[in-house]
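[1] model this:
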Amino acid sequence: HVQLVESGGGSVPTGGSLRLSCVITGSSYMSYYAWFRQAPGKEREGVATIGGGVPFYADFVKGRFTISLDNAKNVLILQMHNLQVQDTAMYYCAAGSRAGLGSSLSAPHYAAWGQGTQVTVS
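    Numbering: from 1, shown residues only. Here you go, the predicted structure:
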(Lines give C-alpha, C1' and ligand atoms only; values in the text may rest on other atoms or scores of the structure.)
Protein backbone atom coordinates (compact mmCIF):
# COMPACT_ATOMS: atom_id res chain seq x y z
CA HIS A 1 0.00 0.00 0.00
CA VAL A 2 1.72 3.17 -1.20
CA GLN A 3 1.52 6.39 0.79
CA LEU A 4 2.55 9.85 -0.38
CA VAL A 5 3.02 12.83 1.93
CA GLU A 6 3.79 16.26 0.50
CA SER A 7 5.42 19.23 2.23
CA GLY A 8 7.17 22.47 1.37
CA GLY A 9 4.31 24.62 0.18
CA GLY A 10 3.88 28.21 1.29
CA SER A 11 3.38 31.82 0.24
CA VAL A 12 5.99 33.56 -1.88
CA PRO A 13 6.19 36.77 -3.90
CA THR A 14 6.17 36.75 -7.69
CA GLY A 15 9.55 35.57 -8.92
CA GLY A 16 10.23 33.57 -5.77
CA SER A 17 11.18 29.92 -5.33
CA LEU A 18 9.88 26.92 -3.44
CA ARG A 19 10.98 23.31 -3.06
CA LEU A 20 8.24 20.73 -2.65
CA SER A 21 8.95 17.29 -1.22
CA CYS A 22 6.91 14.11 -1.29
CA VAL A 23 7.88 11.22 0.98
CA ILE A 24 6.96 7.91 -0.62
CA THR A 25 6.41 4.68 1.35
CA GLY A 26 5.30 1.23 0.23
CA SER A 27 6.12 1.99 -3.40
CA SER A 28 8.01 -1.09 -4.57
CA TYR A 29 5.53 -1.72 -7.40
CA MET A 30 5.30 1.89 -8.61
CA SER A 31 7.43 2.88 -11.58
CA TYR A 32 6.76 6.55 -12.23
CA TYR A 33 5.87 9.63 -10.22
CA ALA A 34 4.50 13.06 -10.94
CA TRP A 35 3.43 16.40 -9.59
CA PHE A 36 -0.01 17.74 -10.40
CA ARG A 37 -1.71 20.96 -9.35
CA GLN A 38 -5.24 22.20 -9.02
CA ALA A 39 -6.33 25.81 -8.67
CA PRO A 40 -9.79 26.76 -7.36
CA GLY A 41 -12.42 26.26 -10.04
CA LYS A 42 -9.99 24.56 -12.41
CA GLU A 43 -9.26 20.98 -13.35
CA ARG A 44 -6.25 19.15 -11.98
CA GLU A 45 -3.32 19.46 -14.41
CA GLY A 46 -0.04 17.64 -14.73
CA VAL A 47 3.09 19.66 -13.98
CA ALA A 48 5.98 17.21 -14.29
CA THR A 49 6.61 13.50 -14.24
CA ILE A 50 9.62 11.22 -13.88
CA GLY A 51 9.94 7.58 -14.84
CA GLY A 52 13.11 5.54 -15.24
CA GLY A 53 15.04 8.67 -14.34
CA VAL A 54 13.67 10.59 -17.31
CA PRO A 55 11.79 13.81 -16.54
CA PHE A 56 8.98 15.28 -18.59
CA TYR A 57 7.41 18.71 -18.11
CA ALA A 58 4.27 20.56 -19.03
CA ASP A 59 5.07 23.43 -21.38
CA PHE A 60 4.02 26.05 -18.85
CA VAL A 61 6.77 25.07 -16.38
CA LYS A 62 9.65 24.23 -18.70
CA GLY A 63 12.77 26.09 -17.68
CA ARG A 64 11.32 27.04 -14.28
CA PHE A 65 10.57 23.75 -12.50
CA THR A 66 12.73 20.68 -11.98
CA ILE A 67 11.48 17.27 -10.89
CA SER A 68 13.79 14.72 -9.30
CA LEU A 69 13.58 11.46 -7.38
CA ASP A 70 15.92 10.60 -4.55
CA ASN A 71 15.79 6.82 -4.73
CA ALA A 72 17.88 6.35 -1.59
CA LYS A 73 15.46 8.41 0.52
CA ASN A 74 12.29 7.68 -1.49
CA VAL A 75 11.57 11.39 -1.83
CA LEU A 76 10.11 13.09 -4.88
CA ILE A 77 11.20 16.70 -5.28
CA LEU A 78 9.79 19.62 -7.27
CA GLN A 79 12.11 22.61 -7.33
CA MET A 80 10.23 25.69 -8.51
CA HIS A 81 11.81 28.97 -9.59
CA ASN A 82 10.42 32.23 -10.98
CA LEU A 83 7.00 31.51 -9.57
CA GLN A 84 4.09 33.44 -11.04
CA VAL A 85 0.61 34.23 -9.76
CA GLN A 86 -0.82 31.63 -12.13
CA ASP A 87 1.24 28.96 -10.35
CA THR A 88 -0.96 29.38 -7.27
CA ALA A 89 -2.62 26.02 -6.62
CA MET A 90 -2.72 22.95 -4.43
CA TYR A 91 0.15 20.70 -5.52
CA TYR A 92 -0.16 16.93 -5.35
CA CYS A 93 2.34 14.16 -5.86
CA ALA A 94 1.18 10.96 -7.52
CA ALA A 95 2.49 7.49 -8.31
CA GLY A 96 1.69 5.09 -11.11
CA SER A 97 2.60 1.59 -12.24
CA ARG A 98 1.10 1.05 -15.70
CA ALA A 99 3.69 0.06 -18.30
CA GLY A 100 4.53 2.62 -20.96
CA LEU A 101 3.01 5.59 -19.14
CA GLY A 102 6.11 6.98 -17.47
CA SER A 103 5.80 10.35 -19.20
CA SER A 104 2.07 10.74 -18.78
CA LEU A 105 0.65 13.93 -17.34
CA SER A 106 -2.87 12.50 -17.31
CA ALA A 107 -4.34 12.08 -13.84
CA PRO A 108 -6.22 8.80 -14.59
CA HIS A 109 -2.86 7.14 -15.24
CA TYR A 110 -1.91 7.53 -11.58
CA ALA A 111 -3.07 5.14 -8.87
CA ALA A 112 -1.94 6.83 -5.68
CA TRP A 113 -2.13 10.43 -4.52
CA GLY A 114 -0.96 12.55 -1.64
CA GLN A 115 -3.11 15.04 0.28
CA GLY A 116 -1.52 18.09 -1.31
CA THR A 117 0.45 21.14 -0.26
CA GLN A 118 -0.68 24.70 -0.98
CA VAL A 119 1.44 27.08 -3.03
CA THR A 120 0.40 30.73 -3.11
CA VAL A 121 2.16 33.35 -5.23
CA SER A 122 1.26 37.02 -4.91
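
[2] can we go C-alpha only for contacts and neighbour counts from here?
    OK.

[3] name the helix or strand for residue 33, please.
    strand 32-38 (DSSP states H and E).

[4] so for that strand, what's the average pLDDT?
    Averaging pLDDT along strand 32-38 gives 97.

[5] numbering from 11 from now on, please.
    Happy to do that; since the first residue is 11 now, the last one works out to strand 42-48.

[6] check which element follows it along the chain.
    Per DSSP H and E, the first helix or strand lying C-terminal to strand 42-48 is strand 55-61.

[7] which other helices and strands contact the strand holding residue 43?
    Helices and strands touching strand 42-48, by 3 or more C-alpha pairs under 8 Å, 6 or more residues apart in numbering; DSSP states H and E, are strand 55-61, strand 99-106.

[8] switch to 10 Å and redo it
    Other helices and strands packing on strand 42-48, by 3 or more C-alpha pairs under 10 Å, 6 or more residues apart in numbering; DSSP states H and E, are strand 28-35, strand 55-61, strand 64-67, strand 75-80, strand 85-90, strand 99-106, strand 122-123, strand 127-131.

[9] nearest residue to residue 80 in space, please, no chain neighbours.
    residue 86 (6.3 Å; C-alpha to C-alpha, 6 or more residues apart in numbering).
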